[in-house]
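In: fold the following and give me the result.
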Amino acid sequence: MRTVPEHLKGRDFTRAAAWSRDELLTALDLADSLKRLQRERREHRFLPGRALALIFQKPSLRTRASFEVGMAQLGGFTVHLAGAEIGLGARETTRDIARVLSGYVDAIMIRTFAQSDVDELADHATVPVINGLTDGEHPCQALADFMTIRERLGRLEGVRIAYIGDGNNVCVSLAHMAELLGASFVAATPGGFEPPPGTPGEAVRDPGEAAAGADVLYTDVWTSMGQEEEQARRLEAFRGYTIDAALVAHAAADAIVLHCLPAHYGEEIAEDVAYGLQSAIWDEAENRLHAQKALLALVVP
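Out: A predicted model of the protein is given here:
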């Protein structure tokens, strides 16, 4: 591959539903190509000398490593900005930060709490803004997830995705992207932990009902960052929502298991399932790199 499509240059990626079906497929196709190039050790420096600002108000392993490594492989570099250093909206207004960074870098990735902070940053920046995670959405994760699903199952249309656990940011982005890409989506959650109103797909209580015939079983931690004080209540509420061998047996024979990580073994997923034959978790984690490289190559001018 010697060229990258130009029609998405300058675009933000702030929500899973911000892009059309065709635009998402463009990103997935490019991610597949970039993964092949990386496996073949063939250079693909589509962004030589470009700079990416990384704003982190939440801890990170996969997001930071994948964006930093990915930008380097594309020929660019990153500037890491911890939340305490820039004081988003406190030490300095989000609008001012957006204006200043737009003069220094070619794109901004932000991993933060409020979705409104990402939206405000995108409103005022003159360079592309990418949502690396908020309490409301995790679109970069969803992009890597659908890359993995297509890679493993050979299709997206008609795939049944069963999400088991908390109707959180990951659940929301998966549901929206599933609707755009032709997959069906069902979330099994305890009462009071359903996805927000307006989230596409079906909502049920029974994990076994959701898992029945599913092509993909997906879960996330029961207690996300910032919810630590709720841990005891959540552990009790989510009892019976573990993806274990018994639940996997409800799914299709060739079903795969996904988890965005980090995992709390014995809670939302059994360790033998995470490391079992039907697990695609480690491919999914690697695909954060390739999917985000595709995203960067498409949007960074």
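
In: mind giving me the domain split of this structure?
Out: 16-138+287-299, 141-285 (automatic domain parsing).

In: as CSV, the ones you listed with mean neighbour count and mean pLDDT would be great.
Out: C-beta: built from backbone N, CA, C; applies to glycine. CSV is the format used below for those (neighbours: other C-beta atoms under 10 Å; pLDDT from 0 to 100):
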stretch, mean neighbour count, mean pLDDT
domain 16-138+287-299, 19, 96
domain 141-285, 19, 97
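
In: to Glu6, which of those domains lies closest?
Out: domain 16-138+287-299 (8.7 Å; C-beta to C-beta).

In: how long is the closest one from one end to the other?
Out: Using C-alpha to C-alpha, to the nearest Å, the end-to-end distance of domain 16-138+287-299 comes to 15 Å.

In: what's Tyr163 in contact with, if anything?
Out: By C-beta atoms under 8 Å, 6 or more residues apart in numbering, the residues touching Tyr163 are Cys171, Leu174, Ala175, Phe185, Val186, Ala187, Ala188, Ala210, Tyr218, Thr219.

In: can you tell me how far it is from Thr94?
Out: From Tyr163 over to Thr94 the distance is 31 Å, taken as C-beta to C-beta, to the nearest Å.

In: return the subset of the contacts of Tyr163 lying in helices.
Out: Cys171, Leu174, Ala175, Ala210 (DSSP state H).

In: for those, which one is nearest Thr199?
Out: Looking across these and measuring by C-beta to C-beta, the closest to Thr199 is Ala175, at 4.9 Å.

In: hang on, isn't the closest one packed against Glu202?
Out: No - the criterion here is C-beta atoms under 8 Å, and Ala175 misses it with Glu202 at 9.5 Å.

In: and for this protein, the residue most distant from the center?
Out: For the chain, the largest distance from the centre (C-alpha atoms, centre = their mean) belongs to Arg91, which lies 28.8 Å off.

In: quick one: it and Ile97, what's the gap?
Out: In terms of C-beta to C-beta, Arg91 sits 9 Å off from Ile97.

In: do Tyr163 as well
Out: 34 Å.

In: and what of Gly191?
Out: Taking C-beta to C-beta, one finds Gly191 at 40 Å from Ile97.

In: equivalent analysis for Tyr104, please.
Out: 11 Å.

In: how far off centre is the strand or helix carrying Phe67?
Out: Applying DSSP states H and E as the criterion places Phe67 in helix 62-73. Taking C-alpha atoms, centre = their mean, to the nearest Å, one finds the center of helix 62-73 at 14 Å from the center of the full chain.

In: likewise stretch 193-204?
Out: 18 Å.

In: can you give the contact residues for it?
Out: Here stretch 193-204 has contacts from 136, 165-167, 171-172, 175-176, 178-179, 184-189, 210, 237-238, using C-beta under 8 Å, 6+ apart.

In: what's the overlap in contacts for Ala175 and Glu202?
Out: What both Ala175 and Glu202 touch, as defined by C-beta under 8 Å, 6+ apart, is the set Phe185, Ala187.

In: any chance you could map the strands in the stretch 51-200 of the chain?
Out: 51-56, 77-82, 107-111, 129-133, 160-164, 184-188 (DSSP state E, counting those that start in this stretch).

In: ok, and what's touching the second one?
Out: So the one you mean is strand 77-82. 50-56, 64, 67-68, 71-72, 104-105.

In: between strand 107-111 and that strand, find me the angle.
Out: Computed with axes from the mean of the first three to the mean of the last three C-alpha atoms, to 10 degrees, the direction of strand 77-82 lies at 40 degrees from that of strand 107-111.

In: strand partners of strand 77-82, parallel vs antiparallel please.
Out: strand 51-56 (parallel) (DSSP bridges).

In: and if you look at the fifth one?
Out: In its sheet, strand 160-164 lies beside strand 184-188 (parallel), strand 216-219 (parallel), with partners assigned from DSSP bridges.

In: how about those in a markdown table, adding distance to Ala246?
Out: Shown next, in a markdown table, are those (distance: least, C-beta to C-beta, whole Å):
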| stretch | distance to Ala246 |
| --- | --- |
| strand 184-188 | 14 |
| strand 216-219 | 12 |
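
In: tell me who's in contact with the residue lying closest to Arg95 once chain neighbours are set aside.
Out: For Arg95, ignoring the flanking residues on the chain, the nearest one in space by C-beta to C-beta, 6 or more residues apart in numbering is His124 at 4.5 Å. By C-beta under 8 Å, 6+ apart, His124 lies in contact with Thr94, Arg95, Ala98, Arg99.
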